[in-house]
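Asks: predicted coordinates and the sequence they were generated for:
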Amino acid sequence: MKFFKLFVLMALVTLFSCSKQNDNCIIKGQLSGGDGDLVIYPYQEVYSKQESDSLTYKATIKDGTFELELDSEKASRSIHIKIGKDYKSYTMFSEPGVIKITEKNGELVAEGSAVNDQYQQLLEKLNYKAYDNLKYKKMLSSEEQKLVDQYNSKLWELTKEYPNSVPLSQLFYEKYWGADVETLNKIINSFSKEIQDSYYIKRMIERKANQQRVSIGKQAPDFSLKSDKSEVISLSKYKGKYLLVDFWASWCRPCRAEIPNVKKIYEDYKAKGLEVLSVSTDSDEKAWLKAVDQEQMPWAQVRDTKSVSKAYNITYIPMIFLMDSNGKIIDKGLHGEGLRKRVEELFK
């Protein structure tokens, strides 16, 4: 009887151990070279360096081998490997199970994951490498524009063939980062119910909700943040006045370039009832305070430490909102001469 109980206990322990291992993603590597380091950065949207650090995975490479256990999320992982002076990077999709990373013709490859295999197939079908070299280029030749257009149309075509594909949803998530509500809705509805609970679809659903929450005509979500002078500044404090809210960061060149324009507008319309509030998205407090000192902006300065940017669906900066005296959003996404003209209209 005692032997039977011991046997059952051992069986349960073994079963639990196997289940636990299968629930996670185990990355095993066998590379050429000697010792080094491996870093896998977060797939999640992060809002501070501290948050990024807490979600980053690291491992030591010994004689070219390593092993690392990740969470179970099916997600695109950015892997960075440094052995000696050699530096290699690889983007792969993870899933529960064991994935082996080796080298083939000097390139990193991953084996053992059906989801990652599908991801790599999609990248090939989309000619992603060629597109990736062009996606941030401002001036495109006719041939380059054709390639980008082909990528866009092929992306939508693939939803008919791969409606259950989490990797394809990630490519949409990347491509349509700042999409409007209508486009996000179209993307979400292009995928099957089976993956509506996957990370990238959930994030797009969340973006759609945030986009609707801060659409023109809606009441601006209230928030309270600490200023550079250690005062707590609330959005509701500005009720009764027109307010320009500028989301920016010290490291953002377009943000810094926009500040003189906002200063001039503030100078011209302050007496008529315009107020300005700068909301920094800096994770580095010292960098923020240094920039505030350099720019000498004559209005309140706060730093986002409470995911206000997420609530306001900030997908790029600078992002400027205009709010009326009742706290409703009049306009957003303005800059330069367009911003000045819109403010002029308010005070006519």
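Replies: That came through fine. Just so it is clear, the model here is predicted, and its values are computed rather than measured.
Asks: can we go C-alpha only for contacts and neighbour counts from here?
Replies: Fine.
Asks: verify the stated contact: Asn127 with Gln150.
Replies: No. Judged on C-alpha atoms under 8 Å, Asn127 makes no contact with Gln150 at a distance of 9.2 Å.
Asks: tell me the confidence at the residue positioned nearest the centre of the chain?
Replies: Centroid-nearest residue in the chain, with C-alpha atoms, centre = their mean: Glu45, separated by 4.0 Å. The model reports Glu45 with a pLDDT of 82.
Asks: would it count as being in a strand?
Replies: No. Applying DSSP: H, G, I helix; E, B strand; the rest coil, one finds Glu45 to be coil, outside a strand.
Asks: how much space separates it from Gly33?
Replies: 33 Å (C-alpha to C-alpha, to the nearest Å).
Asks: check Trp251 too.
Replies: 36 Å.
Asks: phi, psi of Ile81?
Replies: Main-chain dihedrals, Ile81, degrees, to the nearest 10: phi -120, psi 130.
Asks: that one contacts Asp37, correct?
Replies: Yes. Using C-alpha under 8 Å, Ile81 is in contact with Asp37, at 6.0 Å.
Asks: for stretch 209-224, the distance to its chain's centre please.
Replies: Relative to the centre of its chain, stretch 209-224 is centred 20 Å away, using C-alpha atoms, centre = their mean, to the nearest Å.
Asks: please, where are all the strands along the stretch 201-348 of the chain?
Replies: Secondary structure of the stretch 201-348 of the chain by DSSP state E, counting those that start in this stretch: the strands cover 224-226, 232-234, 242-248, 274-280, 300-303, 319-323, 329-332.
Asks: burial count for Glu143?
Replies: Close neighbours of Glu143, defined as other C-alpha atoms under 10 Å, add up to 9.
Asks: could you list the low-pLDDT ranges of the stretch 201-348 of the chain?
Replies: For the stretch 201-348 of the chain, no stretch is flagged by pLDDT under 70.
Asks: where along it do the helices fall?
Replies: All helices of the stretch 201-348 of the chain, identified by DSSP state H, counting those that start in this stretch, fall at 253-269, 285-295, 308-311, 336-346.
Asks: ok so, going back, show me what contacts the residue nearest to the centre of the chain?
Replies: Contacts for Glu45 (C-alpha atoms under 8 Å, 6 or more residues apart in numbering) come out as none.
Asks: measure it to Gln145 for me?
Replies: Distance, Glu45 to Gln145, by C-alpha to C-alpha: 29 Å.
Asks: can you list the domain ranges for the protein.
Replies: For the chain, the structural domains run 21-113, 128-213, 224-346, going by automatic domain parsing.
Asks: let's have those domains in JSON lines, adding distance to Gln121.
Replies: Shown next, in JSON lines, are these (distance: least, C-alpha to C-alpha, whole Å):
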{"stretch": "domain 21-113", "distance to Gln121": "12"}
{"stretch": "domain 128-213", "distance to Gln121": "10"}
{"stretch": "domain 224-346", "distance to Gln121": "28"}
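Asks: closest one to Tyr119 among the ones you listed?
Replies: When the domains of the chain are compared by C-alpha to C-alpha, domain 128-213 sits nearest Tyr119, at 5.3 Å.
Asks: packing partners of the strand or helix carrying Asp149?
Replies: Using DSSP states H and E, Asp149 sits within helix 142-161. In terms of contacts (3 or more C-alpha pairs under 8 Å, 6 or more residues apart in numbering; DSSP states H and E), helix 142-161 is packed against helix 128-132, helix 166-175.
Asks: quick one: secondary structure of the residue nearest to Gly112 when sequence neighbours are not counted?
Replies: Nearest non-adjacent residue to Gly112, counting by C-alpha to C-alpha, 6 or more residues apart in numbering: Ile99, 4.9 Å away. The local conformation at Ile99, judged by three-state DSSP, is strand.
Asks: Ile99 reaches Gln30, doesn't it?
Replies: No. Ile99 is not in contact with Gln30 according to C-alpha under 8 Å; the separation is 11.2 Å.
Asks: more neighbours: those two, which one.
Replies: Each of Ile99 and Gln30 has its neighbours counted (other C-alpha under 10 Å); Ile99 has more, 21 against 16.
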